[in-house]
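Visitor: Show me the folded form of this:
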Amino acid sequence: MSIEVKNLFKYYGEQAAVRDVSFSVKKGEILGFLGPNGAGKSTTMKVITGFISASSGDVKVCGVSVEEDSLRTKELIGYLPEHNPLYTDMYVKEYLEFVGQIYHVQNLKKRVAEMIKSVGLEVEQNKRIGELSKGYRQRVGLAAAIIHDPEVLILDEPTSGLDPNQLVEIRELIKEIGKSKTVMLSTHIMQEVEAICDRVIIINKGQLVADNTAFELQHDLTHQTVYTEFEGNVSKGLLNKIPHVRKVEKVGEGWLLETTDDVDLRKEISRFAQQNNILVLTLKAEEKSLEEVFKQLTK
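Guide: Take a look at the predicted model:
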């Protein structure tokens, strides 16, 4: 595993920012790390990268313990924090050479040229960083994060504040990087997760509440909504008697029925209709957006 987190706790005084969080990330996987503000996302990422220490628990990067050998794990990780820390008075090439020297990168000028090309900075490479747009500054941050060819890339809100064109460009760049590296990505943009992530983890109030693919989360039976239409009049009171139905709502000519149980509600509705000699005209499970799933799990 590229990242292993076991029973992680992080306290600030008596307040727990992260509570008993455990997960792992395989090599070559792009993981979407989601949660509302204050959920513990950035804190977890900072513990993994060794910027802050855990109160308890075990964190390993490529099999190396962050607590026992934080210097080695920093060599294995490329990190782009939410507020991209750049020296704006430096030129792009100058800054990347500076970062490369910190990591003792061999053949540095060649590596800087490779990074500039791979993140699309050729046109801007001779400018001061302070003269760049936010999109190009993010590219500089990404280039700096991967200049030492790390095994793991951790990105905290990498597309925050970008315009739609810049969003697409940075997403494509992250997807390309993810072909050869493990990527852990924190974001509030659900379309971004659906577009580039292989798997999604959601944390809320410091605790892990979901760990699955976006598709599986969207089709989770425990939060299923079914739209149905019947021939003739059927009362709301009768529909409320269907096993496992938790909510009934009239919508146009039909009904929306919801469950929070781990059952396929369509089967229950079909069984109910047969028992009561009611003809079903429409029976369709409503597909939820990832945003709806997020709201359900973090409200």
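Visitor: Show me the shaky parts of the stretch 101-250 of the chain.
Guide: By pLDDT under 70, the low-scoring segments of the stretch 101-250 of the chain are 221-222.
Visitor: just the helices in it please.
Guide: Here the stretch 101-250 of the chain has its helices, by DSSP state H, counting those that start in this stretch, at 108-118, 134-146, 164-177, 190-196, 214-218, 236-239.
Visitor: Now do the buried residues in the third one.
Guide: In terms of neighbour count (16 or more other C-beta atoms under 10 Å), helix 164-177 has its buried residues at Q166, L167, E169, I170, R171, L173, I174, I177. Glycine gets a C-beta too; all of them are placed from N, C-alpha and C.
Visitor: now the fourth one, nearest residue through space, not along the chain?
Guide: Counting by C-beta to C-beta, 6 or more residues apart in numbering, T159 is the residue found nearest to I170 once chain neighbours are left out, at 5.2 Å.
Visitor: show me the contacts for that neighbour.
Guide: Taking C-beta atoms under 8 Å, 6 or more residues apart in numbering, we find T159 in contact with Q138, Q166, L167, I170, R171, T187, I189, E192.
Visitor: From F33, how far off is it?
Guide: T159 sits 14 Å away from F33, going by C-beta to C-beta, to the nearest Å.
Visitor: Burial-wise, tell me which of the helices of the stretch 101-250 of the chain comes out on top.
Guide: Highest mean neighbour count among the helices of the stretch 101-250 of the chain (mean count of other C-beta atoms under 10 Å): helix 134-146, with a mean of 22.
Visitor: Report the angle between that helix and helix 164-177.
Guide: 20 degrees (axes from the mean of the first three to the mean of the last three C-alpha atoms, to 10 degrees).
Visitor: and for helix 134-146, what are the contacting residues?
Guide: If you take C-beta under 8 Å, 6+ apart as the criterion, helix 134-146 is touched by 78-80, 84, 86, 92, 95-96, 99, 115-116, 118-121, 124, 129, 132, 153, 155, 158-159, 161-163, 165-166, 169-170, 173-174, 177, 181.
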